[in-house]
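In: Predicted model, plus sequence, below.
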Amino acid sequence: KEKKSLFKNFFNKNKIREISDVNDSSFLKELKSLNPSLFIVAGFPQIFKKDLLKIPSHGALNLHAGPLPKYRGGSPLNWQLINGEKNIGISIIKMKEGIDNGNIIESEYFERNQNDTIADLHKKANQIFPFLTIKAIQKLLDGFNGFVQEESKAIYWHQRNDEDGFLNLKKNSTDILLFIKALTHPYKGAWTYY
């Protein structure tokens, strides 16, 4: 309750409000009146429809914590760790209708250390994203349209939830350890029955 109250006070003080449906016609009308040049989206759970994407004059950039098209969809950092990727990829794409299928404007990889947990990967990605975003904005303003993703290589991963934390003890020890590291703090953690 205390955290919720802090957020509510912060939102009220800074005139920030929650929108239940980002594609709602009244919200679209309000956004159009602001005449925005660019949207920057990070970790947003709703799909932007065409009418919303047409509003900013330079389009919308999506900061996606996975290499594309191999890690489309939800929880890309978690999935990369679960899958034992040695190099972790992040991407910035120009959004279009669909899920993570826009042209790639910028991307970068960083090395995963053996002891890294999901919190470490979030920290590393969040240190890179600001600089990558500035580069992507500059490219967009210079007229760069990005690289088209190869649809034949696209893999969609689902957004993980608490039920996905079930740990199968029949897996090998390496896979079990990666799974635990991928679901530790700030997530609720892996769980099993014994």
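Out: Thanks, I have the structure now.
In: And what about Leu169, helix, strand or coil?
Out: Each residue gets one of three states, and Leu169 gets coil by DSSP: H, G, I helix; E, B strand; the rest coil.
In: Leaving out chain neighbours, which residue sits closest to it?
Out: Distance criterion CB to CB, 6 or more residues apart in numbering; nearest residue to Leu169, sequence neighbours excluded, is Thr192 at 5.9 Å. C-beta: built from backbone N, CA, C; applies to glycine.
In: Quick check: the one you found touching Lys170?
Out: No: the pair formed by Thr192 and Lys170 falls short of the contact definition of CB atoms under 8 Å, at 10.4 Å.
In: ok, these two, which is more surrounded?
Out: Residue environment comparison for Thr192 versus Lys170 gives the larger neighbour count to Thr192, 10 against 7, counting by other CB atoms under 10 Å.
In: Please name the residues that touch the more buried one.
Out: 166-169 (CB atoms under 8 Å, 6 or more residues apart in numbering).
In: for the helix or strand of the chain with the lowest mean pLDDT, which positions count as buried?
Out: Taking mean pLDDT, DSSP states H and E as the measure, the helix or strand of the chain with the lowest value is helix 2-13, at a mean of 76. For helix 2-13, the buried set under the neighbour-count rule, 16 or more other CB atoms under 10 Å, is empty.
In: before we move on, what about stretch 155-174?
Out: Of all the residues in stretch 155-174, those buried under the rule 16+ other CB under 10 Å are 157, 160, 165, 167.
In: With just CA atoms, put the least confident helix or strand of the chain into CSV.
Out: Output in CSV follows, covering the C-alpha atoms of helix 2-13 (Å, rounded to 0.1, in the frame of the first residue of the first chain):
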residue,chain,number,x,y,z
GLU,A,2,2.8,2.4,0.9
LYS,A,3,4.5,1.9,-2.5
LYS,A,4,1.2,2.4,-4.3
SER,A,5,0.6,5.6,-2.4
LEU,A,6,4.1,6.9,-3.3
PHE,A,7,3.5,6.2,-7.0
LYS,A,8,0.1,7.9,-6.9
ASN,A,9,1.6,11.0,-5.2
PHE,A,10,4.4,11.1,-7.8
PHE,A,11,2.0,10.7,-10.7
ASN,A,12,-0.4,13.4,-9.3
LYS,A,13,2.5,15.9,-8.6
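In: Could you identify the helix or strand that succeeds that helix?
Out: Downstream of helix 2-13, the first helix or strand assigned by DSSP states H and E is helix 25-34.
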